[in-house]
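# Have a look at this prediction, sequence included:
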Amino acid sequence: MRRTKIIATTGPATDKPGVIDKLFQMGVDVFRLNYSHQTHADHERRAEEIRKISREKEWAVGIIADLQGPKIRIEQFKNSPIQLKEGDEFTIDTRLAADQGDKHTVGVTYKELPRDVRPGDNLLIDDGHIVLLVEAVEDTRVICKVITGGSLSNNKGINRKGGGLSANALTEKDKIDLEHAVKIGADFIAISFARGANDVHQARKMLDDLGNKARIIAKIERTEAVENIEAIIEASDAIMIARGDLGVEIGDAALPPVQKRLIKMARDMDRAVITATQMMESMIEHQIPTRAEVFDVANAVLDGTDAVMLSAETSIGRYPDRAVEAMSRICEEAEKQRIVQVSDHRINQRFEAIDEAIAMATMYSANHMGAKAIAALTETGSTCLWMSRISSNIPIFAFTRHASTRRRVTLYRGVYPVKFDITHTDPLAANREIIDDLMGMGYLHDGDYIIITKGDLLGKRGGTNNMKIIKVGEAVEHSL
């Protein structure tokens, strides 16, 4: 069983008949709706198709609504593209009309740019393909010298090397999009270009005001986010390492150690973590990945990421199903390595909550006695999240009556949702039913050990206080 989860981005490629169904078959765990592109009607239609197939297959998948955020872009040229040469003077002017750019000047969507930059700054356009040196700032004009030239077309993103652009993480468009995401039942809301914990708190308040409990993913793609990472992780339910804009701001060479550190920090702080951007970029056009892409995906798995994400590979790529299949194959092979099956997570720390202590004790026992499966009767999925922070090759099954919880745990590494309504079951018979279900699925056989966790007060949130070790096929049960 693949433990690392796969996120596939929807788009024109997935709108073709049968493609979403094929991605289900390939093992996609979570689908991403990218609010930077297409309309609300497009996202609503895709969400409806995902939910329809999910019901038909009785297979829970999550949906991420990824908000655009303050993506800062140049405006448009009268004749696109233009060619910039090293040494040319090129001006960014906030007052220039949106479609009046030429080889000398262009407008920009972020009107505060002159306030945020100063002479000596480097501006990186189109993910760093074009590099400008700021030579002067005059009123609305940022006068630059071209350091690295090339072809430049409309609406390309612009970053300041080292960060420092102060646009708010939630724009007016994002607020409208967030309300729409709630309307269509998104399980996760991704906040783009978060700078600090306050950006996450603002999104959380909006969800609370709407009476919604969607989980929040903070996208780490700014220098400021890395500097404030501990507070952002604490405020969020998960983080996404969005390596495109982040690599532009901090420099590509700094990305690998930062990625490794962020994955470890998120796991240490009991949060989920997604590794994203250009993981299998060549598969937009080709049927197999490059060896470098294979290493990239495998290394993220070895580092402990909960999920790996496909963007353009599935949204506009020619072979979305093959991209998922290749990514799944790479994850499974990486997961065979012992380094991802052992853990010292929180071994020297105090546990503040009973259900967290049960989760940690369960994983320690399972790893040291060779249990074949762990079954957690859960209301919110929190016990499963804590368990999944411990590296292991033992599957964790989230038995829950709540569809929202089943979809939520699809993001957690090594956790698999199972529909199970404990309120309609005699508590004394619940263990037998769980074992029968897992035996029917082929995960358990006579003589195997399983560990079951649940609460004395069934159906109560945060009530897990019981751990039971059972040898399948024997009448004797050993309780802890």
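Great, that's in hand. Worth saying up front: this structure is predicted, and the values here are computed from it rather than measured.
# residues near residue 140, how many?
When counting by other C-beta atoms under 10 Å, one arrives at 16 neighbours for residue 140. Just so you know, the C-beta spots here come from the backbone N, C-alpha and C atoms, and that holds for glycine as well.
# Same question for residue 1.
For residue 1, the neighbour count with other C-beta under 10 Å is 11.
# Just give me the longest helix of the chain.
helix 40-57 (DSSP state H).
# residues making contact with that one?
Applying C-beta atoms under 8 Å, 6 or more residues apart in numbering, the contact partners of helix 40-57 are 10, 14-15, 20-21, 24, 31, 33, 35, 59-61, 63, 65, 177, 180-181, 183-186.
# out of these, which are buried?
Buried by 16 or more other C-beta atoms under 10 Å: 10, 14, 20, 24, 31, 33, 35, 59-61, 63, 65, 177, 180-181, 184-186, out of the contacts of helix 40-57.
# which ones among these are found in strands?
31, 33, 63, 65 (DSSP state E).
# just curious, which of the residues you listed is nearest to residue 304?
Relative to residue 304, the closest of those is residue 31; by C-beta to C-beta it sits at 23.0 Å.
# Of the ones in strands among the buried ones among the contacts of helix 40-57, which is the nearest to residue 383?
residue 63 (22.8 Å).
# Give the closest residue to residue 471 in space, chain neighbours not counted.
residue 449 (5.6 Å; C-beta to C-beta, 6 or more residues apart in numbering).
# hang on, that neighbour packs against residue 472?
Yes. Residue 449 is within contact range of residue 472, at 7.4 Å (criterion: C-beta atoms under 8 Å).
# quick revisit: okay if I get the ones in strands among the buried ones among the contacts of helix 40-57 as CSV plus pLDDT and distance to residue 417?
Output for these, formatted as CSV (pLDDT from 0 to 100; distance: C-beta to C-beta, whole Å):
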residue, pLDDT, distance to residue 417
31, 98, 15
33, 98, 20
63, 98, 14
65, 98, 20
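# what's the farthest-apart pair in these?
The widest separation within these (C-beta to C-beta) is 10.2 Å, between 31 and 65.
# re earlier: give the rounded mean pLDDT of the longest helix of the chain.
Helix 40-57 shows a mean pLDDT of 98.
# got the CA coordinates for it in CSV?
What follows is helix 40-57, C-alpha atoms only, in CSV (Å, rounded to 0.1, in the frame of the first residue of the first chain):
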residue,chain,number,x,y,z
HIS,A,40,-16.2,29.3,-10.5
ALA,A,41,-18.5,27.3,-12.8
ASP,A,42,-15.5,25.3,-13.9
HIS,A,43,-14.4,24.5,-10.3
GLU,A,44,-18.0,23.7,-9.3
ARG,A,45,-18.4,21.3,-12.2
ARG,A,46,-15.1,19.5,-11.4
ALA,A,47,-16.0,19.2,-7.7
GLU,A,48,-19.4,17.7,-8.6
GLU,A,49,-17.8,15.1,-10.9
ILE,A,50,-15.2,14.2,-8.2
ARG,A,51,-17.8,13.8,-5.5
LYS,A,52,-20.0,11.8,-7.9
ILE,A,53,-17.3,9.3,-8.8
SER,A,54,-16.3,9.2,-5.1
ARG,A,55,-19.8,8.1,-4.1
GLU,A,56,-20.0,5.5,-6.9
LYS,A,57,-16.7,4.0,-6.0
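# Same question for the helix or strand harbouring residue 433: list its buried residues.
Secondary structure assignment for residue 433, by DSSP states H and E: helix 427-440. Across helix 427-440, burial judged by 16+ other C-beta under 10 Å covers 430-431, 434-435, 437-439.
# cool, stretch 85-104 as well?
Neighbour-count burial for stretch 85-104 [16+ other C-beta under 10 Å]: 90-94, 96, 101, 103.
# These in strands, which ones?
90-93.
# which one among the residues you listed gets closest to residue 415?
Using C-beta to C-beta, those come closest to residue 415 at residue 92, 46.9 Å.
# Quickly list what that closest one is bridged to.
residue 106, residue 142 (DSSP bridges).
# Pull the contacting residues for it.
So residue 92 contacts 74, 105-108, 113, 123, 132, 141-142, 144, 158 (C-beta under 8 Å, 6+ apart).
# Any stretches of the protein with poor pLDDT?
Within the chain, the stretches with pLDDT under 70 are 340-352, 425, 427, 456-462, 475-480.
# Domain ranges for it, per the record?
5-69+168-335, 82-160, 354-479 (automatic domain parsing).
# Please, where are all the helices along the stretch 101-250 of the chain?
With DSSP state H, counting those that start in this stretch, the ranges of helices along the stretch 101-250 of the chain come out as 113-116, 172-183, 197-209, 223-227, 229-235, 243-250.
# The last one: what's the following helix or strand?
If I follow you right, that is helix 243-250. helix 255-268.
# quick one: residue 423 and residue 401 touch, right?
Yes. In this structure residue 423 lies within contact range of residue 401 using C-beta under 8 Å: 6.6 Å.
# now the longest helix of the chain against strand 62-66, angle please.
Counting by axes from the mean of the first three to the mean of the last three C-alpha atoms, to 10 degrees, helix 40-57 lies at 170 degrees to strand 62-66.
# need the contact list for residue 32.
Neighbour list for residue 32: 7-10, 63-64, 66, 190, 309, 311 [criterion: C-beta under 8 Å, 6+ apart].
# Show me the two of those residues that sit farthest apart.
63 and 311 (15.6 Å).
# Quick check: phi and psi at residue 309.
The phi/psi pair for residue 309 (degrees, to the nearest 10) reads phi -120, psi 140.
# residues near it, how many?
Neighbours of residue 309 using other C-beta under 10 Å come to 26.
# what's across from it in the sheet?
Beta bridges link residue 309 to residue 7, judged by DSSP bridges.
# re the thing from before, specify which member of the contacts of residue 92 is nearest to residue 367.
Nearest member of those to residue 367, counting by C-beta to C-beta, is residue 158, at 48.1 Å.
# sorry, back to before: grab the two from the buried residues of stretch 85-104 that are most spread out in space.
Every pair of these checked by C-beta to C-beta; the farthest is 94 and 103, at 18.7 Å.
# what's the nearest residue to residue 171 if we skip its chain neighbours?
residue 70 (5.5 Å).
# On the three-state scheme, that neighbour is what?
Following DSSP: H, G, I helix; E, B strand; the rest coil, residue 70 is assigned to coil.
# Tell me, how many residues neighbour it?
19.
# quick one: residue 263 and residue 451, what's the gap?
Going from residue 263 to residue 451 by C-beta to C-beta, to the nearest Å gives 26 Å.
# So for those two, which sits in the more crowded spot?
residue 451 (24 against 21).
# Paired strands for the helix or strand hosting the more buried one, with orientation please.
According to DSSP H and E, residue 451 maps onto strand 449-455. Strand pairing for strand 449-455, using DSSP bridges, gives strand 373-377 (parallel), strand 464-471 (antiparallel).
# winner for burial among the ones you listed?
Counting by mean count of other C-beta atoms under 10 Å, strand 373-377 has the highest mean neighbour count of the strands paired with strand 449-455, with a mean of 27.
# Next, the angle from that strand to helix 427-440.
Using the same axes, to 10 degrees: strand 373-377 against helix 427-440 is 140 degrees.
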